[in-house]
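Visitor: Sequence first, predicted model second:
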Amino acid sequence: MKRALLAGFAAVAVMAQTAPPGTPAAPPLKLWRLDCGAVVVNDLNAFSDTLAYTGQQKRLASSCYLIKHGDRYMLWDSGLPAALKGAATDPKPPMSPTLSVTVKEQLATLGVSPAAVSIVGVSHYHFDHVGQAADFPGATLMIGKRDHDALKSGAPGVNAAPVAHWITGGGKVDPVSGDKDVFGDGSVTMIDAPGHTPGHHALLVRLPRTGNVLLTGDLAHFQENYDSDGIPPFNVDRAASLASIARFKALAKNLKATVVIQHDPRDIGKLPKFPSAAD
């Protein structure tokens with residue numbers, strides 16, 4: 001009961017979030033879904049610490065998102081490494097990743113140069129979410145502070161190489177504690193959702209026509225796990241994961257938001273097919 005009440009209060013706080021008095025109205029906003037690879041999961045219990053999927057396999061998507069806010073661009077997650085382009089999948093390991101098109105190639109289709117991306121926001125530090133971040137060295141990296149701390153300290157099992165440009169001081173970093181109103185007008189908010197990693201975040205995008213869209217990061221990897229509050233064994237904090245899922249679901253309900261599970265191929269159709277955008 002206490003957890004549910006706290007989740008509800010947190011949801012109300014985000015719903016009530018407004019820009020400071022005198023702030024201009026939010027400029028036009030657009031959201032594109034980008035193809036950032038796929039992962040063939042040969043053992044689906046890799047995503048269940050209760051062994052809910054024994055003998056099951058699944059092909060998961062890797063999704064990234066481009067947001068245009070006025071004349072500024074933000075990339076949300078950067079997908080699998082470009083070196084995996086054309087990689088054959090392997091039926092033997094628990095997970096086998098591949099990539100068919102890079103983020104830069106998709107941006108070129110839109111006429112957007114890498115230099116035009118001023119913010120690279122990442123849900124967390126795992127390789128399938130930061131794999132192409134280095135292609136945007138002039139952007140500010142927005143990342144959960146506790147994830148940033150883990151990268152800086154060389155925490156066990158944490159690979160800082162994909163974001164070394166920022167971690168070593170070569171680029172600007174904005175370590176995010178709690179929620180983050182990205183543009184200062186309430187249109188795009190990083191939602192604190194720790195548990196998968198220490199500083200994991202989801203993203204809320206308030207589109208004028210489409211309505212509110214919530215991008216999960218890795219809060220859940222597919223619909224069945226989302227519905228059952230399933231927790232992967234590699235999450236860093238089970239209790240925090242459950243609390244984050246509860247808060248996220250309360251937000252989705254209260255905001256009447258479209259929930260997009262970033263790794264579930266079934267959710268790709270919830271947004272327009274690239275190169276079209278949601279607005």
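Guide: In hand now; what should we look at? Residues are numbered from 1 along each chain as shown.
Visitor: so R59, which of the three states?
Guide: Using DSSP: H, G, I helix; E, B strand; the rest coil, the structure places R59 in strand.
Visitor: For it, give me its contacts.
Guide: Applying CB atoms under 8 Å, 6 or more residues apart in numbering to R59 gives the contacts 38-41, 265. Using the backbone N, CA and C atoms, a C-beta is placed for each residue, glycine as well.
Visitor: Specify the local secondary structure of D147.
Guide: helix.
Visitor: hmm, back to that, just the buried ones out of the contacts of R59, please.
Guide: Neighbour counting by 16 or more other CB atoms under 10 Å classes 38-41 among the contacts of R59 as buried.
Visitor: need the contacts of R59 in a markdown table with distance to P97 and secondary structure, can you?
Guide: Converted to a markdown table, the contacts of R59 look like this (distance: CB to CB, whole Å; DSSP: H, G, I helix; E, B strand; the rest coil):
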| residue | distance to P97 | secondary structure |
| --- | --- | --- |
| A38 | 7 | strand |
| V39 | 5 | strand |
| V40 | 8 | strand |
| V41 | 10 | strand |
| P265 | 14 | helix |
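Visitor: circling back to that earlier point, and which of the buried ones among the contacts of R59 is nearest T197?
Guide: The nearest member of the buried ones among the contacts of R59 to T197, counting by CB to CB, is V39 at 17.1 Å.
Visitor: quick one, what contacts the closest one?
Guide: Applying CB under 8 Å, 6+ apart, the residues contacting V39 are 59-60, 62, 80, 95-98, 128, 263.
Visitor: for F234, same thing?
Guide: Applying CB under 8 Å, 6+ apart, the residues contacting F234 are A46.
Visitor: What remains of the contacts of V39 if I keep only buried residues?
Guide: Buried among the contacts of V39 (16+ other CB under 10 Å): 60, 62, 80, 95-98, 128, 263.
Visitor: could you dump the residues you listed to a markdown table with pLDDT, secondary structure and distance to V176?
Guide: Formatted as a markdown table, those follow (pLDDT from 0 to 100; DSSP: H, G, I helix; E, B strand; the rest coil; distance: CB to CB, whole Å):
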| residue | pLDDT | secondary structure | distance to V176 |
| --- | --- | --- | --- |
| L60 | 98 | strand | 26 |
| S62 | 98 | strand | 22 |
| L80 | 98 | coil | 23 |
| M95 | 95 | strand | 28 |
| S96 | 97 | strand | 32 |
| P97 | 98 | strand | 26 |
| T98 | 98 | strand | 30 |
| D128 | 97 | helix | 20 |
| H263 | 98 | coil | 22 |
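Visitor: Tell me where the model's unsure across this structure.
Guide: Along the chain, segments meeting pLDDT under 70 span 1-25.
Visitor: ranges for the helices of it?
Guide: 2-15, 103-110, 127-130, 145-153, 164-167, 223-227, 238-255 (DSSP state H).
Visitor: and of the buried ones among the contacts of R59, the nearest to A193?
Guide: Closest to A193, out of all of the buried ones among the contacts of R59 and judged by CB to CB, is V39, at 20.5 Å.
Visitor: For the closest one, list each beta-bridge partner.
Guide: L60, P97 (DSSP bridges).
Visitor: State the distance from it to Q57.
Guide: Remark: distance between V39 and Q57 (CB to CB, to the nearest Å) = 11 Å.
Visitor: Ok, A82 next?
Guide: 26 Å.
Visitor: Neighbour count: the two, which is higher?
Guide: A82 (18 against 11; other CB atoms under 10 Å).
Visitor: Tally up the residues packed near the closest residue to Q262 other than its chain neighbours, please.
Guide: Excluding its sequence neighbours, the residue lying closest to Q262 (CB to CB, 6 or more residues apart in numbering) is S63, at 4.5 Å. Number of residues near S63 (other CB under 10 Å) recorded here: 26.
Visitor: which residues sit in contact with the nearest residue to V158 once chain neighbours are set aside?
Guide: Excluding the flanking residues, the one nearest V158 by CB to CB, 6+ apart is A150, at 4.9 Å. The neighbours of A150, taking CB under 8 Å, 6+ apart as the test, are 125, 158, 197-199.
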